[in-house]
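Colleague: Just a sequence and a predicted model for now, questions to come.
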Amino acid sequence: MDPQQLRTFVTVVRLGSFSEAARELGYTQSAVSQQIAALEADLGAPLLGRRPVAPTEAGVRLLEHAGPLLVRLEAARADVARLVGAPGARLVLGATALALGTAVGRALGEVRRAYPRAEVLVRVLAQDALPALVATGEVDLALIDGLAAPSDPLPLPDVGPLTTVAVAEQPVVVALPAGHPLAGRPGVALADLSAARWLDAPDLTPTAARLRAATGVDGFRPATRYRGTDVHGLLALVATGHGLTLLPPSALDGTPGVASVPVAAPRLVHRTELVHGSLPEGPAAVLARELA
């Protein structure tokens, strides 16, 4: 299967148009049609309906494989480039919003002392996007946080030969309005809150599906959806009664109007991991040593 034909197929499906795909990829529309026809001939099945442009049943199945296949190909290219290339003067650190902290600032300070001319870029992104960006070389290394059992690694997608190193573990608490009946309790079983109003903030906190898996009970239906990485904005919604959320205690930082109750059961932690590929000596390697 030709990778370029696969990329063209994915682009046509995403844009729903042969002409738009040709414009984005820099091909003629005829070249795009020829690549799709060659891919269909190779697989022995029609992949796209033409009017409207939409994947067939076989095309939908191929699409499920295409994303991971293309990521792995880019990961292989980036991994080889890291091994044979000279250390760059640019460091790109990807991080989830809750993974950033004073330890990161101190570690970046060591990088600047070792490489005073290095350009440093910090990109705050959602957890599910970061492993693939590390694998394909768009970021040099990443700090990712999430919910886990004590000492268990975070569940990350298999996008390439990546190394993960535990950086920190904190307890988790339920953040709730200061006047909530549970405020001041010494602990709470998470399953007992399955029918409560919850905030859905997938870029910051565990999803409802993750909470259901952790507790083994149904529920945790979101009352309000929050799309963003601003923790203060999320806590403002907690303070005004729009829903509960699960966070490490350090994220609350004395926010007015917000109280917290430790999660007593199940045993869970807020875990932060450093994720990287091969690291030749350079700014990224220094940062990895400092964070680990």
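Modeller: Nice, I can see it.

Colleague: now stretch 98-107, how far from the centre of its chain.
Modeller: From the chain centre to the centre of stretch 98-107 is a distance of 18 Å (CA atoms, centre = their mean, to the nearest Å).

Colleague: in it, what counts as buried?
Modeller: For stretch 98-107, the neighbour count (16 or more other CB atoms under 10 Å) marks 98-100, 104, 107 as buried. Every C-beta, even on glycine, is put in place using the N, C-alpha and C of the backbone.

Colleague: helices and strands of this structure: which one has the lowest mean pLDDT?
Modeller: Every helix and strand in the chain was compared by mean pLDDT, DSSP states H and E; the lowest is helix 57-84, with a mean of 80.

Colleague: Determine the set of other helices and strands touching that helix.
Modeller: Secondary structure elements in contact with helix 57-84, counted by 3 or more CB pairs under 8 Å, 6 or more residues apart in numbering; DSSP states H and E, are helix 3-15, helix 130-135.

Colleague: Run through the helices of the chain in chain order.
Modeller: Taking DSSP state H, the helices of the chain run over residues 3-15, 18-25, 29-43, 57-84, 102-114, 130-135, 208-215, 231-239, 249-252, 283-291.

Colleague: mind checking which of those is nearest Arg267?
Modeller: Ranking the helices of the chain by proximity to Arg267 (CB to CB) places helix 208-215 first, at 9.8 Å.

Colleague: one step back: nearest to Pro150, out of the helices of the chain?
Modeller: Smallest distance to Pro150 across the helices of the chain (CB to CB): 12.6 Å, for helix 208-215.

Colleague: Need the contact partners of that closest one.
Modeller: Contact partners of helix 208-215, identified using CB atoms under 8 Å, 6 or more residues apart in numbering, comprise 147, 190-191, 194, 198, 200, 206, 218-222, 246, 266, 268.

Colleague: Can you give me the distance of Ala54 to Gly16?
Modeller: Plainly put, Ala54 is 7 Å away from Gly16 if you go by CB to CB, to the nearest Å.

Colleague: Any regions of the chain where pLDDT drops low?
Modeller: 78-79, 81-89 (pLDDT under 70).

Colleague: Arg149 contacts Arg271, correct?
Modeller: Careful, residue 149 is Ala; it's not Arg. No: in this structure, Ala149 is not within contact of Arg271 by CB atoms under 8 Å, at 9.0 Å.

Colleague: of these two, who's got more company?
Modeller: Counted by other CB atoms under 10 Å, Ala149 and Arg271 do not tie: Arg271 has more neighbours, with 24 against 12.

Colleague: Give the closest residue to that one in space, chain neighbours not counted.
Modeller: Ala148 (4.4 Å; CB to CB, 6 or more residues apart in numbering).

Colleague: count of residues packed around that neighbour?
Modeller: Around Ala148 there are 20 other residues, counting by other CB under 10 Å.

Colleague: now the one 10 residues further on
Modeller: Other residues within reach of Asp158, judged by other CB under 10 Å, total 11.
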